[in-house]
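Undergrad: Sequence first, then the predicted structure, then my questions.
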Amino acid sequence: MNGIESMIGWSLLVLATVQGVWSEIRLEQSPSELKRPGETVKISCVTSGYTMTTYSICWIKQKPGEALEWIGRIYTDSARTVFASSFQSRFTLTQDVSSSTQYLQIRSLTAEDSAVYFCARVHSD
């Protein structure tokens, strides 16, 4: 392969208690992908163990050896999105309520996009 390749990886598992009963809240992300600069990647985050539209989902980026960066948030009850200014132009957050799936899409990938990406459920809105 010519040029720089971007490796995108992610994973997250959350355990929580609901109304005094142990319940497993899961956010399962799609496997890592290897992409070329200029391509598009769409990362999925399948939620289970709760009603997806009751909690917003945030997306977070972490490059090796660096701090976490907040990308943005999707309000699952309305699909309204809010982004950190540095992620507004090429990043899109969407959802499919019928499959309880959240998506992060990144267009026109660059070497700077090579990182671990996390989805996280917001505790309360």
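TA: Yep, that arrived.
Undergrad: start to end distance for stretch 41-56?
TA: Start and end residues of stretch 41-56 are separated by 22 Å (CA to CA, to the nearest Å).
Undergrad: Would you mark the buried spots in stretch 40-48?
TA: By 16 or more other CB atoms under 10 Å, the buried positions in stretch 40-48 come out as Val41, Ile43, Ser44, Cys45, Val46, Thr47. Just so you know, the C-beta spots here come from the backbone N, C-alpha and C atoms, and that holds for glycine as well.
Undergrad: Cross the residues you listed against strands and list the overlap.
TA: Among the buried residues of stretch 40-48, the members found in strands (DSSP state E) are Val41, Ile43, Ser44, Cys45, Val46, Thr47.
Undergrad: For those residues, give me a markdown table that also has pLDDT and distance to Gln62.
TA: Shown next, in a markdown table, are these (pLDDT from 0 to 100; distance: CB to CB, whole Å):
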| residue | pLDDT | distance to Gln62 |
| --- | --- | --- |
| Val41 | 95 | 16 |
| Ile43 | 94 | 14 |
| Ser44 | 94 | 18 |
| Cys45 | 94 | 15 |
| Val46 | 93 | 21 |
| Thr47 | 91 | 20 |
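Undergrad: would you list every one of the strands in this protein?
TA: 6-9, 14-18, 21-29, 33-35, 41-48, 57-62, 68-75, 80-83, 91-96, 101-106, 115-121.
Undergrad: returning to that earlier point: ok, the buried residues of stretch 40-48 vs Arg73, which is closest?
TA: Cys45 (12.8 Å; CB to CB).
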